[in-house]
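J.: My questions concern the predicted model and sequence given below.
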Amino acid sequence: MDFKVMSDRDVEKELGQRIKMLRLRKNLTQDDLASRALLHRNAISALESGKGSRMSTMIAVLRELGAIENLDAFLPEITVSPMQLAKLHGRERKRAFRDRTATTQKRKSEW
(Lines give C-alpha, C1' and ligand atoms only; values in the text may rest on other atoms or scores of the structure.)
Protein backbone atom coordinates (compact mmCIF):
# COMPACT_ATOMS: atom_id res chain seq x y z
CA MET A 1 0.00 0.00 0.00
CA ASP A 2 1.40 3.39 -0.98
CA PHE A 3 0.58 5.71 1.90
CA LYS A 4 2.37 8.61 0.19
CA VAL A 5 -0.41 9.07 -2.35
CA MET A 6 -3.27 8.57 0.12
CA SER A 7 -5.09 11.40 1.85
CA ASP A 8 -4.81 11.67 5.63
CA ARG A 9 -8.41 10.51 5.91
CA ASP A 10 -7.70 7.43 3.80
CA VAL A 11 -4.63 6.59 5.90
CA GLU A 12 -6.76 6.82 9.05
CA LYS A 13 -9.34 4.49 7.50
CA GLU A 14 -6.68 1.99 6.46
CA LEU A 15 -5.06 1.96 9.90
CA GLY A 16 -8.49 1.56 11.49
CA GLN A 17 -9.25 -1.41 9.24
CA ARG A 18 -5.94 -3.02 10.14
CA ILE A 19 -6.65 -2.61 13.85
CA LYS A 20 -10.12 -4.06 13.33
CA MET A 21 -8.71 -7.09 11.50
CA LEU A 22 -6.17 -7.63 14.29
CA ARG A 23 -8.94 -7.42 16.88
CA LEU A 24 -11.05 -9.94 14.97
CA ARG A 25 -8.07 -12.26 14.57
CA LYS A 26 -7.76 -12.22 18.35
CA ASN A 27 -11.52 -12.99 18.51
CA LEU A 28 -12.33 -9.91 20.59
CA THR A 29 -15.45 -7.78 20.42
CA GLN A 30 -15.16 -4.00 20.58
CA ASP A 31 -16.60 -4.20 24.09
CA ASP A 32 -13.99 -6.78 25.14
CA LEU A 33 -11.14 -4.69 23.78
CA ALA A 34 -12.52 -1.49 25.32
CA SER A 35 -12.80 -3.18 28.69
CA ARG A 36 -9.23 -4.51 28.55
CA ALA A 37 -7.82 -1.18 27.38
CA LEU A 38 -9.89 0.79 29.91
CA LEU A 39 -11.60 2.70 27.12
CA HIS A 40 -15.17 3.28 26.04
CA ARG A 41 -16.47 1.18 23.15
CA ASN A 42 -17.11 4.39 21.20
CA ALA A 43 -13.37 5.10 21.25
CA ILE A 44 -12.68 1.70 19.70
CA SER A 45 -15.41 2.22 17.12
CA ALA A 46 -14.06 5.66 16.15
CA LEU A 47 -10.52 4.30 15.87
CA GLU A 48 -11.57 1.40 13.65
CA SER A 49 -13.74 3.54 11.39
CA GLY A 50 -10.95 6.06 10.83
CA LYS A 51 -12.86 8.95 12.38
CA GLY A 52 -9.82 10.17 14.23
CA SER A 53 -8.57 9.17 17.60
CA ARG A 54 -6.29 10.28 20.38
CA MET A 55 -2.79 8.90 20.35
CA SER A 56 -3.31 7.49 23.85
CA THR A 57 -6.26 5.47 22.50
CA MET A 58 -4.13 4.02 19.70
CA ILE A 59 -1.36 3.11 22.14
CA ALA A 60 -3.74 1.43 24.61
CA VAL A 61 -5.38 -0.58 21.80
CA LEU A 62 -2.07 -1.67 20.29
CA ARG A 63 -0.84 -2.70 23.74
CA GLU A 64 -3.94 -4.84 24.38
CA LEU A 65 -3.75 -6.41 20.92
CA GLY A 66 -0.10 -7.35 21.49
CA ALA A 67 1.08 -5.12 18.65
CA ILE A 68 2.83 -2.35 20.60
CA GLU A 69 6.25 -3.72 19.61
CA ASN A 70 5.39 -2.98 15.97
CA LEU A 71 5.70 0.74 16.67
CA ASP A 72 9.47 0.44 16.46
CA ALA A 73 9.18 -0.76 12.86
CA PHE A 74 6.55 1.90 12.15
CA LEU A 75 8.66 4.75 13.46
CA PRO A 76 12.23 3.68 14.25
CA GLU A 77 14.32 5.54 16.81
CA ILE A 78 16.19 8.41 15.21
CA THR A 79 19.89 8.43 15.92
CA VAL A 80 22.34 11.25 15.31
CA SER A 81 24.72 10.65 12.44
CA PRO A 82 28.44 10.80 13.29
CA MET A 83 28.87 13.77 10.92
CA GLN A 84 26.06 15.72 12.57
CA LEU A 85 27.43 14.87 16.01
CA ALA A 86 30.85 16.23 14.99
CA LYS A 87 29.23 19.46 13.71
CA LEU A 88 27.37 19.86 17.00
CA HIS A 89 30.58 19.25 18.99
CA GLY A 90 28.95 16.48 21.02
CA ARG A 91 25.78 18.42 21.90
CA GLU A 92 22.33 17.03 21.17
CA ARG A 93 20.24 18.91 18.60
CA LYS A 94 17.20 20.48 20.27
CA ARG A 95 15.36 22.28 17.44
CA ALA A 96 15.08 22.71 13.69
CA PHE A 97 16.40 25.79 11.97
CA ARG A 98 14.82 27.81 9.19
CA ASP A 99 16.40 27.91 5.80
CA ARG A 100 17.49 31.54 5.72
CA THR A 101 17.81 31.69 1.93
CA ALA A 102 14.16 30.68 1.49
CA THR A 103 13.09 33.27 4.07
CA THR A 104 15.00 36.11 2.39
CA GLN A 105 13.67 35.13 -1.04
CA LYS A 106 10.13 35.12 0.30
CA ARG A 107 10.59 38.56 1.81
CA LYS A 108 11.95 39.93 -1.47
CA SER A 109 8.96 38.64 -3.39
CA GLU A 110 6.52 40.31 -1.02
CA TRP A 111 7.93 43.77 -1.73
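T.: Everything's here; your move.

J.: What segments of the chain are helices?
T.: 8-25, 30-37, 41-49, 55-64, 71-74, 82-87, 100-110 (DSSP state H).

J.: so how many other residues sit close to residue 58?
T.: A total of 16 residues lie near residue 58 under the criterion other Cβ atoms under 10 Å. In short, each C-beta sits where N, CA and C put it, glycine included.

J.: Quick check: closest non-adjacent residue to it.
T.: residue 47 (6.6 Å; Cβ to Cβ, 6 or more residues apart in numbering).

J.: count of neighbours near that neighbour?
T.: By the criterion of other Cβ under 10 Å, residue 47 has 25 neighbours.

J.: Distance of it relative to residue 63?
T.: 13 Å (Cβ to Cβ, to the nearest Å).

J.: Kindly report the same for residue 77.
T.: According to Cβ to Cβ, residue 77 stands 19 Å off from residue 63.

J.: which of the two has more neighbours?
T.: residue 63 (14 against 5).
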